[in-house]
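> need a 3D model of the sequence below.
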Amino acid sequence: MRKFYADLHIHIGRASSGKPVKITAARDLTFENIAKECATRKGIDIAGVVDCGSQAVMQDIDALVDSGEMEELPGGGLRYRGATTVILGCELETAEDDGSASHHVSYFANREQLEVFVGFLRRLVTNLDLSSQRCRAPARELLRMAAAAGGVFVPAHAFTPHRSPYGSCVRRLSEMFGDDGVADLAALELGLSADSHLADRIAELRELTLLSNSDAHSLPRIAREYNVLWLEEASLQEVLWALRRERGRKVTANYGLDPRLGKYHRTFCLECEQIAHADPPALCCPLCSKERIVKGVLDRIAEIADYPEPRPPEHRPPYNYQVPLQFLPGIGAVSLGRLLNRFGTEMSVLHDTDRGELELVVGKKLADLIVQAREGVLPLLAGGGGRYGKAVADNSDTQISMGW
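The predicted model follows:
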């Protein structure tokens, strides 16, 4: 067995025909371009594409298989040019009994399972051709439908204040799924404003594997967060064994932005338009005392936590803070091209290349920044209310944007 890099939440902006899929995503974010970016530039071995329920996307998938560019794997997934495995996924928004809503991703081994799932959805979703559409069913029912189709079910960006289980629906997953339903979840996706240290203040998450995915809306944002999996091969069956920690498979590390860089980390006052800096939980504005706020992830977790400090289970892998190359000041198209031409992929640059080799290609200043990003030691300004946090290079005014 060996390690595989996996980003399991990537959106499609357009089908190859030009038909919109994710309205807020880049036009060049097509199914094939995602596979190509992961294989040739990012070094991502397993990519979860979460808009495969669209008929236009299914047509793109069929065309790639028919042309021989992709092959179906016995263990589930599509292998692109012998390199990256693409897992077919479908993200949907639920309609909970109390009127709240949350996003969840279901993954499928092949086109046949996906078709069964889409068949269940036809009476519940108005427009299946668009991404993350509202499903007129609660999460527990969506979980049941995904399982009936043979799929793997994962709550998405679980703590964000908009359309997430903890952030906008419930204080405990057991309220949403029941105790038996929580046991049926494959994993939980943290989201950009959270990490495993924060999640491990909630007792019911001790048995769940935690995922850090990019939720990318453009090609450069792929792998801004990702996971390292210990597998025999890159297939959905192996991924599921890793999430369940079975047969020696497991998630060995999470890599992601420091939660302070997420756009919902701290509470934001919609009146003052200021991010809260008071001790969490900030449940109203510390300046004007009004409750017209967007509650931050840190503040929400502090509000509902079982423990004042993290209590990670023995199986929890390390969470490593890391800023992607494209977000570092001075790493433009030319510098990035030099790095990829010399070292192959972004994963190689971030994980395997020593400082001396980096200096030979991009000089000492940029090499130092890359190593600081690798080690998670860049100074940070916290985000909130839909505004991303910023990394500040060398304590100067040079700031790094973390946008979609």
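
> which residue is the nearest non-sequential neighbour of residue 326?
residue 220 (4.8 Å; C-beta to C-beta, 6 or more residues apart in numbering). C-beta: built from backbone N, CA, C; applies to glycine.

> and what about the one you found, helix, strand or coil?
helix (DSSP: H, G, I helix; E, B strand; the rest coil).

> same check on residue 92?
strand.

> so where do the helices sit in this structure?
In the chain, the helices defined using DSSP state H lie at 31-37, 55-67, 111-121, 139-148, 173-184, 196-199, 236-244, 297-304, 333-343, 346-351, 355-375.

> rebuild those as JSON lines, extending it with mean pLDDT.
As requested, these are arranged in JSON lines below (pLDDT from 0 to 100):
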{"stretch": "helix 31-37", "mean pLDDT": "97"}
{"stretch": "helix 55-67", "mean pLDDT": "97"}
{"stretch": "helix 111-121", "mean pLDDT": "97"}
{"stretch": "helix 139-148", "mean pLDDT": "97"}
{"stretch": "helix 173-184", "mean pLDDT": "92"}
{"stretch": "helix 196-199", "mean pLDDT": "96"}
{"stretch": "helix 236-244", "mean pLDDT": "98"}
{"stretch": "helix 297-304", "mean pLDDT": "95"}
{"stretch": "helix 333-343", "mean pLDDT": "87"}
{"stretch": "helix 346-351", "mean pLDDT": "84"}
{"stretch": "helix 355-375", "mean pLDDT": "86"}
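
> may I see these arranged in JSON lines, with mean neighbour count and distance to residue 213 as well?
JSON lines is the format used below for the helices of the chain (neighbours: other C-beta atoms under 10 Å; distance: least, C-beta to C-beta, whole Å):
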{"stretch": "helix 31-37", "mean neighbour count": "23", "distance to residue 213": "13"}
{"stretch": "helix 55-67", "mean neighbour count": "16", "distance to residue 213": "19"}
{"stretch": "helix 111-121", "mean neighbour count": "17", "distance to residue 213": "19"}
{"stretch": "helix 139-148", "mean neighbour count": "20", "distance to residue 213": "17"}
{"stretch": "helix 173-184", "mean neighbour count": "16", "distance to residue 213": "18"}
{"stretch": "helix 196-199", "mean neighbour count": "20", "distance to residue 213": "13"}
{"stretch": "helix 236-244", "mean neighbour count": "22", "distance to residue 213": "12"}
{"stretch": "helix 297-304", "mean neighbour count": "22", "distance to residue 213": "15"}
{"stretch": "helix 333-343", "mean neighbour count": "15", "distance to residue 213": "22"}
{"stretch": "helix 346-351", "mean neighbour count": "21", "distance to residue 213": "15"}
{"stretch": "helix 355-375", "mean neighbour count": "16", "distance to residue 213": "19"}
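
> can you tell me which residue is spatially central in the protein?
Centroid-nearest residue in the chain: residue 213, 2.2 Å away (criterion: C-alpha atoms, centre = their mean).

> show me what contacts it?
The neighbours of residue 213, taking C-beta atoms under 8 Å, 6 or more residues apart in numbering as the test, are 7, 8, 9, 10, 48, 189, 225, 226, 227.

> now, these that are in strands?
With strands taken from DSSP state E, the overlap with the contacts of residue 213 comprises 7, 8, 9, 10, 48, 189, 226, 227.

> the fifth one reaches residue 9, doesn't it?
Yes. If you go by C-beta atoms under 8 Å, residue 48 and residue 9 touch, sitting 5.9 Å apart.

> more neighbours, these two?
The neighbour count for residue 48 versus residue 9, taken as other C-beta atoms under 10 Å, is higher for residue 48 (29 against 26).

> who are the neighbours in contact with the closest residue to the more buried one other than its chain neighbours?
Excluding its sequence neighbours, the residue lying closest to residue 48 (C-beta to C-beta, 6+ apart) is residue 8, at 3.2 Å. Applying C-beta under 8 Å, 6+ apart, we find residue 8 in contact with 46-48, 87, 89, 105, 107, 154, 189, 211, 213, 227, 239.

> change it to 10 Å
44, 46-50, 87, 89, 105, 107, 152, 154, 156, 187, 189, 211-215, 225-227, 229, 239, 243 (C-beta atoms under 10 Å, 6 or more residues apart in numbering).

> so what pLDDT did it get?
Predicted confidence (pLDDT) for residue 8: 98.

> tell me how far it lies from residue 386.
According to C-beta to C-beta, to the nearest Å, residue 8 stands 24 Å off from residue 386.

> got it, and residue 79?
For residue 79 relative to residue 386 (C-beta to C-beta), the value is 37 Å.

> higher neighbour count, the two?
residue 79 (19 against 11).

> got the contact list for the more buried one?
Going by C-beta under 10 Å, 6+ apart, the list of residues near residue 79 reads 35, 39, 69, 70, 71, 72, 73, 85, 86, 233, 234, 235.

> how about 7 Å then?
Applying C-beta atoms under 7 Å, 6 or more residues apart in numbering to residue 79 gives the contacts 70, 71, 73, 85.

> residue contacts, the second one?
Put plainly, it is residue 71. By C-beta under 7 Å, 6+ apart, the neighbours of residue 71 are 78, 79.

> for it, list each beta-bridge partner.
Going by DSSP bridges, residue 71 is paired in beta bridges with residue 79.

> got the contact list for stretch 333-342?
41, 325, 326, 349, 361, 362, 366.

> swap the cut-off to 10 Å and go again
Against stretch 333-342 from outside (C-beta under 10 Å, 6+ apart): 40-43, 220, 325-326, 328, 331, 345-346, 348-350, 353, 357-358, 360-363, 366, 370.

> for stretch 304-318, same thing?
Contacts for stretch 304-318 (C-beta under 10 Å, 6+ apart): 159, 166, 170-172, 195-210, 227-230, 245, 250-255, 280-281, 302, 319.

> for it, buried residues please.
For stretch 304-318, burial by neighbour count (16 or more other C-beta atoms under 10 Å) applies to 305, 312, 316, 317.

> okay, that stretch in PDB with CA atoms only?
Extracted in PDB, the C-alpha atoms of stretch 304-318 (Å, rounded to 0.1, in the frame of the first residue of the first chain):
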ATOM      1  CA  ILE A 304     -22.400  23.700  21.200                       C
ATOM      2  CA  ALA A 305     -19.100  22.000  22.200                       C
ATOM      3  CA  ASP A 306     -19.100  19.100  24.700                       C
ATOM      4  CA  TYR A 307     -15.500  19.900  25.700                       C
ATOM      5  CA  PRO A 308     -13.600  23.100  26.300                       C
ATOM      6  CA  GLU A 309     -10.600  21.700  24.500                       C
ATOM      7  CA  PRO A 310     -10.200  19.100  21.700                       C
ATOM      8  CA  ARG A 311     -10.300  15.400  22.700                       C
ATOM      9  CA  PRO A 312      -9.100  13.600  19.600                       C
ATOM     10  CA  PRO A 313      -9.600   9.900  19.400                       C
ATOM     11  CA  GLU A 314      -6.600   7.700  18.800                       C
ATOM     12  CA  HIS A 315      -7.500   7.200  15.100                       C
ATOM     13  CA  ARG A 316      -7.600  10.900  14.300                       C
ATOM     14  CA  PRO A 317      -4.700  11.800  11.900                       C
ATOM     15  CA  PRO A 318      -2.800  15.100  12.100                       C
END
